[in-house]
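In: Take this sequence and fold it.
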Amino acid sequence: MAHSSRMRYFENDVRTASPQKLHLMLIEGALRNIERAKHAWQEGEDAEGRALECLIRAQNIVSEILATLDRDTEPDLAAKVSAIYLFIYRRLLDAAMEHDPRKLEDAIKVLGEERQTWRQVCETAPSARENRAQPPHSPPCEPPATLEATEYVEAVATGFSIEA
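Out: Numbers count the residues shown, from 1 in each chain. The predicted structure is shown next:
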């Protein structure tokens, strides 16, 4: 029952989140999965299976962020942001292929910076309610129009959880 309450809380949080907050949640989900993979390798817990599953989740999140960048509004900015997320994706791929937790550190460092940036964006951005009234202020990364906010996060990060 506690799990159900947490999921309802999480679903409500996602449904009411601004596009900026959804982006931040995805970054945090990627970081959480990278840390889990790193921990699995360090502890020797099913290193191949569990760590690889976590890295695939993180890669899926990063690739979804890449896929949903708005390349039309500000193409130069989108190209720079794409380069950042491609770098992160490659480091995750290299780490998974070489079973090397040290390669995760670059991804963690860059995603940590992204998290700080998006936290600041969320602090200065209008609330979700205000954001719906003023859609032109959305960030370059938004959920596809065909998906509800909760479906978007679930589709990107299967197993995405609110647990720290």
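In: Point to the residue nearest the middle of the protein.
Out: What sits nearest the mean C-alpha location of the chain, by C-alpha atoms, centre = their mean, is L26, with 2.2 Å.
In: Tell me which helix or strand it sits in.
Out: Taking DSSP states H and E as the definition, one finds L26 inside helix 19-43.
In: Kindly report the same for A78.
Out: helix 75-98.
In: which ones are touching D100?
Out: D94 (C-beta atoms under 8 Å, 6 or more residues apart in numbering). Yep, even glycine has a C-beta here, placed from its N, CA and C like the rest.
In: List the buried residues in the helix holding L26.
Out: 19-34, 36-38, 40-41 (16 or more other C-beta atoms under 10 Å).
In: pretty sure the residue nearest to the centre of the chain contacts E64?
Out: Yes. Between L26 and E64 there is a contact under C-beta atoms under 8 Å: 7.0 Å.
In: pLDDT weak spots in the protein?
Out: 1-3, 9-10, 12, 45-48, 127-164 (pLDDT under 70).
In: if you set the cut-off to 50 instead, what comes out?
Out: For the chain, the stretches flagged by pLDDT under 50 are 128-129, 131-164.
In: hang on, the earlier thing: show residues contacting the helix holding A78.
Out: Defining contact as C-beta under 8 Å, 6+ apart, one finds that helix 75-98 is touched by 30, 34, 37, 51-52, 55-56, 58-59, 62-63, 65-66, 69-71, 100-104, 106-107, 110-111, 114, 140-141.
In: what's next to the very next helix or strand once past that helix, contact-wise?
Out: Next helix or strand after helix 75-98 toward the C-terminus (DSSP H and E): helix 104-124. Outside of helix 104-124, the residues within contact range by C-beta under 8 Å, 6+ apart are 18, 20-21, 23-24, 27-28, 30-31, 34-35, 37-38, 58, 84, 87-88, 91-92, 95, 139.
In: ditto for stretch 38-53
Out: Residues from elsewhere that reach stretch 38-53, judged by C-beta under 8 Å, 6+ apart: R36, A37, C54, A96, H99, P101, L104, I108.
In: Much appreciated, bye for now.
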